[in-house]
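[1] Compute the structure for the input listed below.
(2 chains)
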Amino acid sequence: MKIGVVALQGDVSEHLEAIEKILGKDSSVAVRNRKDLETISGLIIPGGESTTISELMQKAEIFDEVRKLGEQGFPIYGTCAGLILLAKQGDEQVKKTSQKLLGLMDTRINRNAFGRQRESFEIVLDIGSVKKFTCVFIRAPAIVETFGKCKTLAKFENYIVAAKQDNLFATAFHPELTDDLRVHRYFIEEIV
Amino acid sequence: MQKGGVVMDVTTPEQARMAEKAGAVAVMALHAVPADIRARGGVARMADPAIIERIMKLVTIPVMAKVRIGHFAEAQILEALGVDMIDESEVLTPADEEAHIEKKKFTIPFVCGARDLGEALRRIDEGAAMIRTKGEPGTGNVVEAVRHMKKINRQIAELVRFKSNKHTLEEKAAEYRVPLALVEETIRLKRLPVVNFAAGGISGVADASLLMQLGADGIFVGSGVFKSSNPIKFAKAIVEATRSYDQPKKLLEISKNLGEPMHGLDIKSLIEAQKMQIRGV
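    All right, here's what the predicted structure looks like:
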């Protein structure tokens, strides 16, 4: 089984490494075009700049394809910027910049929930069945509200920082920046 | 989280919006691009916070801004403004020739320039969250950025070879004026412990690809975009080139009909005092 990581911008290599640690050599695919999507069983949209990743996914002509896959039940995990792109409803900032979202998860997000870059921090949380996980937040967005079929997995302060909806999974934090593989394992074992 | 992306120098909110549309991962808000700072002479300082603030209001990608080397008061002002990252930069006139800012005292992350591993590790030890090559800013000439990127890589490879020789590593740490633990971490990671971008003189598609192939985690473009004949085309092309840096056929397509790149300068024509890279070691 192979898992892909959208490799247009952001912390791609850390996700690829985490996948290979779990599934072995050559199990990760850096996804840069539509052909790369054909070989994988699940996809991670990494942290980075969501505006940039959205623009680049459109330029690489994988944006609509990823949306279609998501609608058809294909497993997709979004971290940080990926959480923004998966959402159905953006915030004022998203509207202001006419940023295009994939619009797959029943969530409403706040792009700068935890402030600008200086509000980076670590906190230990239970992420559903994954207990006591060290969550690294960097200028993190968050889910303000879930509706429809989306389930909250973890909350911090008044924000939802992890959520799941059938084949879709999103976290506001960066599990790839720790050595703890349990959140990646959860995605691969429970969702893919 | 700028890895794999392009950070662009901008001087107006309109330019910042254009950079965002072109796919930049962040903008560097300045009152003048390095080529103009070089041409203008005199003392170059932190930009007017009002300009930076206007840019922060208009774009959603992170906004960085420069302070003079060692000028912690300028950094405090930018921290109060809430910029996303501070560049303690040799492009501005240094305020302290003995010391850099103690960056660990700040909650805002810093990026700093480096010409070799010693400079890079000293900046990281002071608290820098990101390193970029110094290159020779405002010249449109990539030769110095190449030199600095290769030197850092060569010095890391050298450290890795000395891995089991504790005595040599202690000597290296003393030479670099950093704790042994930082040298050991670099060896364990076989790279700098923070992201390392290329900066200084990058003015086109092939330059971005060259530096990415030499191991850069991303690219800073200063004068290269807005001193070219067609900034929008150049901005998009450099973003695209940074993403497809290892695909010559793509690069071929991107390179066509871009117009005139910035004119540029031969580094050899600069006298020592005109070089920005020698500032702050």
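[2] Could you pick out the longest helix of chain A?
    Using DSSP state H to define each element, chain A has its longest helix at helix A:12-23.
[3] Tell me which residues touch residue 141, please.
    Picked chain A for this. Counting by C-beta atoms under 8 Å, 6 or more residues apart in numbering or on different chains, A:Pro141 makes contact with A:Ser50, A:Cys80, A:Ala81, A:Leu83, A:Ile84, A:Ile109, A:Asn110, A:Arg111, A:Asn112, A:Ala113, A:Phe114, A:Ala172. (Glycine included, C-beta is placed from N, CA and C.)
[4] look at chain B instead
    B:Gly201, B:Ser203, B:Gly264, B:Leu265, B:Asp266, B:Ile267.
[5] of all those residues, which comes closest to chain A?
    Nearest to chain A among the contacts of B:Asn141, counting by C-beta to the nearest C-beta, is B:Ser203 at 21.1 Å.
[6] Hmm, that closest one is touching B:Gly224, no?
    Yes - at 3.7 Å, B:Ser203 counts as touching B:Gly224 under the criterion of C-beta atoms under 8 Å.
[7] Show me where the stretch 151-281 of chain B has its helices.
    B:166-176, B:180-189, B:205-213, B:223-226, B:231-243, B:248-255 (DSSP state H, counting those that start in this stretch).
[8] so how far is the fourth one from its chain's centroid?
    If you compare the mean C-alpha spot of helix B:223-226 with that of the full chain, they lie 14 Å apart, counting by C-alpha atoms, centre = their mean, to the nearest Å.
[9] Give the buried residues for it.
    B:Ser223, B:Gly224, B:Val225, B:Phe226 (16 or more other C-beta atoms under 10 Å in any protein chain shown).
[10] from these, which is closest to A:Ile160?
    Using C-beta to C-beta, B:Val225 is the member of the buried residues of helix B:223-226 that lies nearest A:Ile160, at 38.6 Å.
[11] Can you work out which residues contact both of B:Ser203 and B:Gly224?
    Common neighbours of B:Ser203 and B:Gly224 (C-beta under 8 Å, 6+ apart) are B:Gly140, B:Pro261, B:Met262.
[12] I'd like the residues you listed as TSV, with neighbour count, pLDDT and distance to A:Lys59 appended.
    Formatted as TSV, the shared contacts of B:Ser203 and B:Gly224 follow (neighbours: other C-beta atoms under 10 Å in any protein chain shown; pLDDT from 0 to 100; distance: C-beta to C-beta, whole Å):
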residue	neighbour count	pLDDT	distance to A:Lys59
B:Gly140	23	89	26
B:Pro261	18	86	22
B:Met262	23	84	24
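[13] Sort out which of those residues are in strands and list them.
    Among the shared contacts of B:Ser203 and B:Gly224, no member falls in strands (DSSP state E).
[14] so which of the residues you listed comes closest to chain A?
    Distance to chain A, by C-beta to the nearest C-beta, is smallest for B:Pro261 among these, at 21.8 Å.
[15] wait, doesn't that closest one sit right on B:Phe226?
    No - between B:Pro261 and B:Phe226 there is no contact under C-beta under 8 Å: 11.6 Å.
[16] Just the endpoints, please. Distance across stretch A:15-35?
    Chord length of stretch A:15-35, first to last residue, is 20 Å (C-alpha to C-alpha, to the nearest Å).
[17] can you list the residues of the stretch 101-250 of chain B near chain A?
    B:Thr107, B:Ile108, B:Pro109, B:Val239, B:Glu240, B:Arg243, B:Ser244 (C-beta under 8 Å from any C-beta of the partner chain).
[18] looking at it, B:Pro109 is touching B:Met130, isn't it?
    Yes - the criterion here is C-beta under 8 Å, and B:Pro109 meets it with B:Met130 at 6.8 Å.
[19] Give the intersection of the neighbour lists for those two.
    By C-beta under 8 Å, 6+ apart, the residues touching both B:Pro109 and B:Met130 are B:Met85.
[20] sec struct for the residue most central in space within chain A, please.
    Nearest residue to the geometric centre of chain A (C-alpha atoms, centre = their mean): A:Gly78, 0.9 Å. What DSSP: H, G, I helix; E, B strand; the rest coil gives for A:Gly78 is strand.
[21] Quickly find the element holding B:Arg132.
    If you go by DSSP states H and E, B:Arg132 is part of strand B:130-133.
[22] tell me the mean pLDDT over that strand?
    Across strand B:130-133, pLDDT averages out at 96.
[23] wait, does the host helix or strand of B:Ile86 make contact with chain A?
    Assigned by DSSP H and E, B:Ile86 belongs to strand B:85-89. Yes - residues of strand B:85-89 contacting chain A under C-beta under 8 Å from any C-beta: B:Met85.
[24] Report the inter-axis angle for the helix or strand following that strand versus strand B:85-89.
    Sequence order places strand B:110-114 as the next helix or strand after strand B:85-89, per DSSP H and E. The directions of strand B:110-114 and strand B:85-89 differ by 30 degrees, with axes from the mean of the first three to the mean of the last three C-alpha atoms, to 10 degrees as the criterion.
[25] circling back: could you dump the buried residues of helix B:223-226 into CSV with distance to B:Asp48 added?
    Output for those, formatted as CSV (distance: C-beta to C-beta, whole Å):
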residue, distance to B:Asp48
B:Ser223, 20
B:Gly224, 23
B:Val225, 21
B:Phe226, 18
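[26] Including pLDDT, could those residues go into JSON lines?
    Listed next are those as JSON lines, based on pLDDT from 0 to 100:
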{"residue": "B:Ser223", "pLDDT": "88"}
{"residue": "B:Gly224", "pLDDT": "88"}
{"residue": "B:Val225", "pLDDT": "92"}
{"residue": "B:Phe226", "pLDDT": "90"}
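[27] Could you point out which of those residues is nearest to B:Gly5?
    B:Val225 (14.1 Å).
[28] ok, the closest one to B:Val7 distance?
    B:Val225 sits 11 Å away from B:Val7, going by C-beta to C-beta, to the nearest Å.
[29] And A:Lys100, by the same measure?
    From A:Lys100 across to B:Val7, the span is 22 Å (C-beta to C-beta).
[30] and those two? which has more neighbours close in?
    B:Val7 (27 against 16; other C-beta atoms under 10 Å in any protein chain shown).
[31] you'd agree the more buried one is up against B:Asp217?
    No - with contact defined as C-beta under 8 Å, B:Val7 does not reach B:Asp217; the gap is 11.2 Å.
[32] which residues do these two both contact?
    Shared contacts of B:Val7 and B:Asp217, counting by C-beta under 8 Å, 6+ apart, come down to B:Phe197.
[33] can you list the residues of chain A near chain B?
    A:7-12, A:32, A:47-49, A:51-52, A:55-56, A:59-60, A:80-81, A:93-94, A:96-97, A:99, A:111, A:115-118, A:120, A:138-139.
[34] Which of the helices and strands in chain A ranks last by mean pLDDT?
    helix A:92-96 (a mean of 79; mean pLDDT, DSSP states H and E).
[35] now that one, how far from the centre of its chain.
    For helix A:92-96, the distance to the chain centre is 20 Å (C-alpha atoms, centre = their mean).
[36] which other residues reach it?
    Counting by C-beta under 8 Å, 6+ apart, A:Ile84, A:Gln99, A:Leu101, A:Ile109, A:Arg111, A:Asn112, B:Thr60 sit against helix A:92-96.
[37] Can you say which of those residues are buried?
    A:Ile84, A:Gln99, A:Leu101, A:Ile109, A:Arg111, B:Thr60.
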